[in-house]
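Undergrad: need the 3D shape of this:
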Amino acid sequence: MHRALLVSEVLLDIFAQLTENTPGLMSMTDRKSLAALARTCKTFYEAAMNELWANLYGLEPLLGCVTRLYPVIYPRIKKVNVEPLSEDEPCQFLRHSARVRSLDISSDNPFHLLSLIPFDTCIFPRLQSLVWGLLTPRYLDLFLSCMLRRCSLSVIDEGLKCIATHCATSLENLSVARGPITADELSLLTDSVRLCKRLVILSCPALDWAAWEHLSNLPTLLTVVIDKESAVPPPMGLKLAPFLNLTALSFYVDMAVTITTLVQHSEFPSLRKFEMVVSALPWREAERLFRALSQCKSCETLEHILIISKCSGLQEPSESGDSLTVIAQFLCFTQLRLLHLKFYHSILLDNVILLEAISSWPRIRSLKLEDTHHGTVTHRGLFAALRRCPHLHTLFISLNAVNVDIDPSAESFQHTTLRQLGLKTLSRVTDAEAVARIIFSMLPCVDEVITPGWQKVNLHLEYFIDSSAPGRHIAGASSKI
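TA: You can find the predicted model right below:
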């Protein structure tokens with residue numbers, strides 16, 4: 001045996017390769033391979049067994065280690081009325097529990113077999129990740145390892161506070177069931193979050209301002225995902241710390257008022273990703289949010305902005321017919337790689353604004369601007385902007401397609417990175433062949449326009465692509481279309 005295989009760290013790294021492509025989802029072949037390695041020699045035994053038992057879904061595999069229960073856990077014929085563990089059987093059940101690092105509990109069916117094990121004692125000392133799908137905190141103490149780093153809960157109850165209390169300095173990733181919550185649940189959630197001292201990732205329903213104040217001071221916090229906003233108004237004199245290292249902030253809410261207030265009162269100097277999916281975004285609130293985002297200290301860091309308003313029925317009309325000034329507000333985000341906006345108001349966009357925006361975002365790779373406006377950007381304005389964004393892969397904007405104001409035969413420019421193109425127009429494309437020729441000649445990697453109403457253009461484009469040899473342009477039109 002090579003001396004390198006006597007080093008436990010080397011063995012662990014080798015054995016981990018068996019499951020690195022599907023973490024937590026070990027195949028039967030991988031399990032058999034690890035079991036075979038464990039039987040090979042004493043040197044391999046511990047490392048292989050640690051990997052074999054690292055990730056479990058339910059307690060059944062551990063119960064299968066009990067000689068009496070093996071035919072019940074892995075039956076050929078279904079059996080019922082199984083007696084709980086006897087006095088000499090818990091040691092068999094616990095034989096490999098110290099090896100378990102990740103556990104998913106979705107059923108309480110096996111727990112009646114554990115009546116001899118005190119439910120206030122942790123039996124998984126090395127557990128680092130727990131998914132708790134039960135609707136009760138009973139039995140939870142069995143899993144409260146001092147090494148627990150990741151926890152996902154399906155309900156907000158006393159179990160959440162129990163975990164936050166026991167794992168205040170170890171818990172890094174906390175995910176709590178999303179959806180509407182009561183005032184009592186909000187209070188319990190807030191108290192629990194405030195107990196956590198080392199959170200890195202938090203995904204949960206609404207938080208109140210005391211929780212936000214706590215989170216703003218956590219230097220470890222990198223990601224926050226919120227589903228459903230709190231109706232609690234901000235206190236007078238609200239002061240938040242800067243969320244010094246937060247890089248990702250996502251919201252899935254009904255209204256944006258709380259989000260706007262949060263952005264207005266903090267700095268977010270490390271923020272790279274901002275996402276908000278909102279049911280309704282009135283024009284006035286939208287403008288407040290855009291202004292707040294542009295004034296926080298993330299102009300040099302934000303790379304990803306997605307803001308979607310889902311519902312048109314709840315929208316308030318724009319005051320005096322004004323368009324959203326979001327593009328002008330976001331010119332300061334010079335590191336943008338993705339900008340997706342979808343509103344039921346008009347986005348102020350024309351050739352000049354589009355060119356200025358693209359010039360301000362030299363690294364942009366995906367740009368989607370969806371609104372209710374027919375758009376005044378022309379073909380010439382579109383391709384003038386494309387010259388400034390060599391990395392663009394996806395583009396969706398409104399286009400004035402009535403007049404073709406560019407001649408592809410007189411242009412040598414080709415954008416070879418763009419793959420997905422969506423062009424919304426409220427008017428019919430009058431010269432489908434000419435537009436298809438422009439796309440074919442200048443956007444060689446685009447094989448269709450993915451928005452409705454461009455069927456004729458796509459038919460011409462398909463013909464041009466099918467009929468062309470590599471590097472050649474089609475000089476004549478198709479008589480078959």
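
Undergrad: now residue 266. Its backbone dihedrals?
TA: phi -140, psi -180 (degrees, to the nearest 10).

Undergrad: not counting sequence-adjacent ones, nearest residue to it?
TA: In this structure, residue 266 finds its nearest non-sequential neighbour in residue 240, 4.4 Å apart by C-beta to C-beta, 6 or more residues apart in numbering. Every residue, glycine included, has its C-beta placed from N, CA and C.

Undergrad: now do the contacts for that neighbour.
TA: Residues in contact with residue 240 (C-beta atoms under 8 Å, 6 or more residues apart in numbering) are 212, 213, 216, 262, 265, 266.

Undergrad: cool, residue 222 as well?
TA: For residue 222, the contact set (C-beta under 8 Å, 6+ apart) comprises 200, 201, 245, 246, 247, 248.

Undergrad: among the residues you listed, which ones are in strands?
TA: Those of these mapping onto strands are 201, 248, per DSSP state E.

Undergrad: highest neighbour count among the contacts of residue 222?
TA: Counting neighbours by other C-beta atoms under 10 Å, the top entry in those is residue 246, with 24 neighbours.

Undergrad: check what pLDDT it gets.
TA: Turning to residue 246, the model gives it a pLDDT of 98.

Undergrad: thought it was touching residue 219?
TA: No. Look at residue 246 against residue 219 with C-beta atoms under 8 Å: they stay out of range, at 9.8 Å.

Undergrad: where does this protein dip in pLDDT?
TA: Residues of the chain meeting the criterion pLDDT under 70: 1-2, 4-6, 18-26, 76-80, 312-322, 374, 469-481.

Undergrad: list the buried residues of the helix or strand containing residue 14.
TA: When elements are assigned from DSSP states H and E, residue 14 belongs to helix 8-16. Of the residues in helix 8-16, those scored as buried under the neighbour-count criterion (16 or more other C-beta atoms under 10 Å) are 11, 14, 15.

Undergrad: measure the second one to residue 31 for me?
TA: Using C-beta to C-beta, to the nearest Å, one obtains 16 Å as the distance from residue 14 to residue 31.

Undergrad: the last one too?
TA: Going from residue 15 to residue 31 by C-beta to C-beta gives 12 Å.

Undergrad: columns distance to residue 431, secondary structure and neighbour count on top of the contacts of residue 240, output as CSV?
TA: Converted to CSV, the contacts of residue 240 look like this (distance: C-beta to C-beta, whole Å; DSSP: H, G, I helix; E, B strand; the rest coil; neighbours: other C-beta atoms under 10 Å):
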residue, distance to residue 431, secondary structure, neighbour count
212, 55, helix, 24
213, 59, helix, 18
216, 56, helix, 20
262, 49, helix, 25
265, 53, coil, 18
266, 51, coil, 24
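
Undergrad: can you pull out the strands in this structure?
TA: 55-57, 102-105, 129-132, 150-153, 173-176, 201-204, 223-227, 248-253, 273-278, 304-309, 338-342, 366-370, 394-398, 420-424.

Undergrad: tabulate those strands (CSV), appending distance to residue 47.
TA: Compiled in CSV, those are given as follows (distance: least, C-beta to C-beta, whole Å):
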stretch, distance to residue 47
strand 55-57, 15
strand 102-105, 17
strand 129-132, 20
strand 150-153, 23
strand 173-176, 26
strand 201-204, 29
strand 223-227, 32
strand 248-253, 35
strand 273-278, 37
strand 304-309, 40
strand 338-342, 42
strand 366-370, 43
strand 394-398, 45
strand 420-424, 46
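
Undergrad: closest one to residue 36 among these?
TA: Across these, residue 36 has its closest neighbour in strand 55-57 (18.4 Å, C-beta to C-beta).

Undergrad: how far out from the middle of the chain is that closest one?
TA: The gap between the average C-alpha position of strand 55-57 and the chain average comes to 24 Å, counting by C-alpha atoms, centre = their mean, to the nearest Å.

Undergrad: who does it pair with, and is each partner parallel or antiparallel?
TA: Strand 55-57 sits in its sheet next to strand 102-105 (parallel), going by DSSP bridges.

Undergrad: what residues sit buried inside the partner strand?
TA: 102, 103, 105.

Undergrad: before we move on, the earlier item: ok, so of the contacts of residue 240, who is nearest residue 59?
TA: Residue 59 lies nearest to residue 212 out of the contacts of residue 240, by C-beta to C-beta, at 37.5 Å.

Undergrad: in this structure the closest one contacts residue 262, no?
TA: Yes. The criterion here is C-beta under 8 Å, and residue 212 meets it with residue 262 at 6.4 Å.

Undergrad: still on that earlier bit, farthest-apart pair in the contacts of residue 222, please.
TA: Set against one another by C-beta to C-beta, the contacts of residue 222 have their most distant pair in 201 and 245, with a gap of 12.2 Å.

Undergrad: what's around the nearest residue to residue 267 once chain neighbours are set aside, how many residues?
TA: Beyond its immediate neighbours in the sequence, the residue positioned closest to residue 267 (C-beta to C-beta, 6+ apart) is residue 242, lying 3.9 Å away. The criterion is other C-beta under 10 Å. On that basis, residue 242 has 15 neighbouring residues.

Undergrad: please name the residues that touch residue 242.
TA: Shown in contact with residue 242 (C-beta under 8 Å, 6+ apart): 216, 266, 267, 268, 269, 297.

Undergrad: tell me which of the strands of the chain sits nearest to residue 376.
TA: For these, distance to residue 376 was read as C-beta to C-beta. The smallest value, 8.3 Å, belongs to strand 394-398.

Undergrad: re earlier: which of the contacts of residue 222 lies closest to residue 378?
TA: Proximity of the contacts of residue 222 to residue 378 was ranked by C-beta to C-beta; the top entry is residue 248 with 36.6 Å.

Undergrad: isn't the closest one right up against residue 272?
TA: Yes. In this structure, residue 248 sits in contact with residue 272. The criterion is C-beta under 8 Å, and the distance is 6.6 Å.

Undergrad: one step back: contacts for the helix holding residue 14?
TA: Contacts made with helix 8-16 from outside it, assessed by C-beta under 8 Å, 6+ apart, are listed as 4, 5, 34, 37, 43, 44, 46, 47, 48, 50, 51.

Undergrad: residues contacting the nearest residue to residue 461 once chain neighbours are set aside?
TA: Once flanking residues are discounted, residue 461 sits nearest to residue 436: 4.3 Å by C-beta to C-beta, 6+ apart. For residue 436, the residues meeting the contact criterion (C-beta under 8 Å, 6+ apart) are 457, 458, 459, 460, 461, 464.

Undergrad: roughly how far does the residue nearest to the fourth one when sequence neighbours are not counted sit from residue 456?
TA: It refers to residue 460. Among residues not flanking residue 460 along the chain, residue 436 sits closest, at 3.4 Å (C-beta to C-beta, 6+ apart). To residue 456, residue 436 is 8 Å away according to C-beta to C-beta.

Undergrad: same question, residue 292
TA: Residue 292 sits 44 Å away from residue 456 when distances are taken as C-beta to C-beta.
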